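*Asks:* Sharing a model that was predicted from the sequence below.
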2 protein chains.
Amino acid sequence: MARTKVLVIEDDRELAEVLSYNLRQAGYEVLLARDGSEGLAQAQNSAPDVVLLDLMLPLVDGLEVCRRLRGNPALREMLIIILTARAEEADQLVGFSMGADDYVTKPFSVKVLLERIKALRRRQQSPSDDSDMVTSQGISIDRQRHRAVAGDRALELTLSEFKLLEVLVRQPGRAFSRTELIDAALGDDAMVLERTIDVHIRSLRQKLGEYSEMIETVRGVGYRFREPNFSTP
Amino acid sequence: MARTKVLVIEDDRELAEVLSYNLRQAGYEVLLARDGSEGLAQAQNSAPDVVLLDLMLPLVDGLEVCRRLRGNPALREMLIIILTARAEEADQLVGFSMGADDYVTKPFSVKVLLERIKALRRRQQSPSDDSDMVTSQGISIDRQRHRAVAGDRALELTLSEFKLLEVLVRQPGRAFSRTELIDAALGDDAMVLERTIDVHIRSLRQKLGEYSEMIETVRGVGYRFREPNFSTP
DNA sequence: AGATCAGGTAAACGCCGCGTGAACATTTCG
DNA sequence: CGAAATGTTCACGCGGCGTTTACCTGATCT
């Protein structure tokens, strides 16, 4: 997956610096905006994954920013975390009703903030994430570059193998019937015997090497990509 | 979707009452547990969507509860919100690292808590989340992943065993004749002796281990999955 | 208590699903 | 056009799964 992009909308220069530094340290890509309208523009331009939003902003109020962001369908998936000095309960309620995902009152610990981001992000990762990169269990697939990697080794896959692996990795744990795999990977109109899938799976497993066990056989059903936290002795 | 189920694990009787009342008012279905082990048991039995978890609990510590809940593959979608009197930063960090989704310090406003739940739930709803999972009495079945779990242990079932268990768990308390089970689980056209079901039931019970009693024999009729709140001494 | 019947248990066996290697067909590319 | 790579089909063998069979255990009724 590409690096997580965080947009910080904060007019307090010093706080912005602190946040920016710590976020970068934590491996995030950071964008800064000093007021509401700049923040809205940046958000639309660069589609960040997370927005840290101060409520007291010049030009455009923070809540208004929040509302406008949520109103943009293209930014639906974005996380919005409100930062504010006001601990009033009423403010929090308004914030949430505007579609904020979290509400943190100043002063706050940067570490805790980072953990909150992480917790929210973990939730956010949905199977139908149709971004161009998919990673699971040490295997990643880059649709744009048409590249697949197992561990630190690049895989040389044929087109069918690539598509097949992609379908499986996109939804780890989900079991696919051979017919589903044919439709999804080779095209709905591919008139092909089901056993064809077996053969592709076979060559895939060969090329996966030590990662071959990541593709599990579900007897009587089809195949499945191994999902985390499942012990299969 | 069915109503959202919230499990409150809290030993303070009064607070539990307040939460319960407000949650019900807000349209949630509420379950209560007064200590950690009861909480774990309830969670496994009824697979709630959200868990409100006090940290200071008798018998089993809240953090331990959190860790165990996250370790259960059948409960991965569940939201965990920690409630605590301790506002220490270190606690929060530990909480998040245990997989909690949010961390709320007492005293807190119930309204704000409700909004937090709503915000998290909104995030949680993934578009392609039609994984029809069924859970009852600590046994859950995931048709999409083709996986079954008893308590916190994954079951390795054959296809017939899986289908059979699914039929039973889908309607706890309902008694099925052997013929019905053959039709429903093995296909209407399966020409098979009724005793075949007995054999599958047997291996199922073996694999279920301590949960074997969940499949009840109805003499002269067939089999039945145990129904909640029916004490059979 | 004994007869009778329903369900539990263990083992035997045949078939089917899957893996595998190779042959055949198709596309790509020099 | 020929060669190499890719995709598909076929044939075979193994192992596991489902079914049957036979026998045992325990419940129910008179």
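*Replies:* Good, I have the coordinates. Numbering: from 1, shown residues only, chains lettered A, B, ... in the order given.

*Asks:* As a check, name the ranges of all strands in chain A.
*Replies:* Counting by DSSP state E, one finds strands in chain A at the ranges A:5-9, A:29-33, A:50-54, A:79-84, A:102-105, A:133-136, A:139-142, A:147-150, A:153-155, A:175-177, A:215-218, A:222-225.

*Asks:* Out of those, which is closest to DNA strand D?
*Replies:* Distance to DNA strand D, taken as C-beta to the nearest atom of the strand, is lowest for strand A:215-218 among the strands of chain A, at 9.7 Å. Glycine gets a C-beta too; all of them are placed from N, C-alpha and C.

*Asks:* what packs against the closest one?
*Replies:* With contacts taken as 3 or more C-beta pairs under 8 Å, 6 or more residues apart in numbering or on different chains; DSSP states H and E, strand A:215-218 sits against helix A:195-208, strand A:222-225.

*Asks:* now the strands of chain A in JSON lines, with mean pLDDT?
*Replies:* Shown next, in JSON lines, are the strands of chain A (pLDDT from 0 to 100):
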{"stretch": "strand A:5-9", "mean pLDDT": "92"}
{"stretch": "strand A:29-33", "mean pLDDT": "91"}
{"stretch": "strand A:50-54", "mean pLDDT": "91"}
{"stretch": "strand A:79-84", "mean pLDDT": "87"}
{"stretch": "strand A:102-105", "mean pLDDT": "82"}
{"stretch": "strand A:133-136", "mean pLDDT": "72"}
{"stretch": "strand A:139-142", "mean pLDDT": "84"}
{"stretch": "strand A:147-150", "mean pLDDT": "85"}
{"stretch": "strand A:153-155", "mean pLDDT": "85"}
{"stretch": "strand A:175-177", "mean pLDDT": "94"}
{"stretch": "strand A:215-218", "mean pLDDT": "94"}
{"stretch": "strand A:222-225", "mean pLDDT": "95"}
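
*Asks:* Just put those strands in a markdown table and tack on distance to DNA strand C.
*Replies:* Converted to a markdown table, the strands of chain A look like this (distance: least, C-beta to the nearest atom of the strand, whole Å):
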| stretch | distance to DNA strand C |
| --- | --- |
| strand A:5-9 | 35 |
| strand A:29-33 | 35 |
| strand A:50-54 | 41 |
| strand A:79-84 | 40 |
| strand A:102-105 | 44 |
| strand A:133-136 | 20 |
| strand A:139-142 | 18 |
| strand A:147-150 | 16 |
| strand A:153-155 | 17 |
| strand A:175-177 | 9 |
| strand A:215-218 | 4 |
| strand A:222-225 | 6 |
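
*Asks:* among the ones you listed, which is the most enclosed?
*Replies:* Among the strands of chain A, strand A:50-54 has the highest mean neighbour count (mean count of other C-beta atoms under 10 Å in any protein chain shown), at a mean of 25.

*Asks:* That strand versus strand A:79-84: what angle between them?
*Replies:* Between strand A:50-54 and strand A:79-84, the angle comes out at 20 degrees (axes from the mean of the first three to the mean of the last three C-alpha atoms, to 10 degrees).

*Asks:* Show me what strand A:50-54 is in contact with.
*Replies:* Contacts to strand A:50-54, defined as C-beta atoms under 8 Å, 6 or more residues apart in numbering or on different chains, come from residues A:4-12, A:19, A:28, A:39, A:43, A:62, A:65-66, A:69, A:78-84, A:100, A:113, A:117, A:120-121.

*Asks:* What about the residue in chain A sticking out farthest from the centre? Give its phi and psi, please.
*Replies:* The C-alpha centroid of chain A is most remote from A:Leu193, which lies 35.2 Å away (C-alpha atoms, centre = their mean). Backbone torsions of A:Leu193, given as degrees, to the nearest 10, read phi -70, psi 150.

*Asks:* try A:Gly99
*Replies:* Dihedral angles (degrees, to the nearest 10) for A:Gly99: phi 100, psi 10.

*Asks:* Over to A:Arg34?
*Replies:* As for A:Arg34, its main-chain torsions (degrees, to the nearest 10) stand at phi -100, psi -10.

*Asks:* so what's it scoring on pLDDT?
*Replies:* pLDDT for A:Arg34: 90.

*Asks:* What about it, how many residues nearby?
*Replies:* Using other C-beta atoms under 10 Å in any protein chain shown, A:Arg34 has 18 other residues around it.

*Asks:* can you check the one 3 residues further on too?
*Replies:* Close neighbours of A:Ser37, defined as other C-beta under 10 Å, add up to 16.

*Asks:* That one contacts A:Leu57, correct?
*Replies:* No - assessed by C-beta atoms under 8 Å, A:Ser37 is found out of contact with A:Leu57, at 9.1 Å.

*Asks:* Please report the distance of the closest residue to A:Arg123 other than its chain neighbours from B:Thr135.
*Replies:* Leaving aside its sequence neighbours, A:Arg123 sits nearest to B:Arg123 (C-beta to C-beta, 6 or more residues apart in numbering or on different chains; 5.3 Å). B:Arg123 sits 22 Å away from B:Thr135, going by C-beta to C-beta, to the nearest Å.

*Asks:* confidence score at A:Leu93?
*Replies:* Listed pLDDT for A:Leu93 reads 68.

*Asks:* A:Arg174 too?
*Replies:* 91.

*Asks:* Tell me how many other residues surround it.
*Replies:* 20.

*Asks:* surely it meets B:Asp142?
*Replies:* No - assessed by C-beta under 8 Å, A:Arg174 is found out of contact with B:Asp142, at 9.2 Å.
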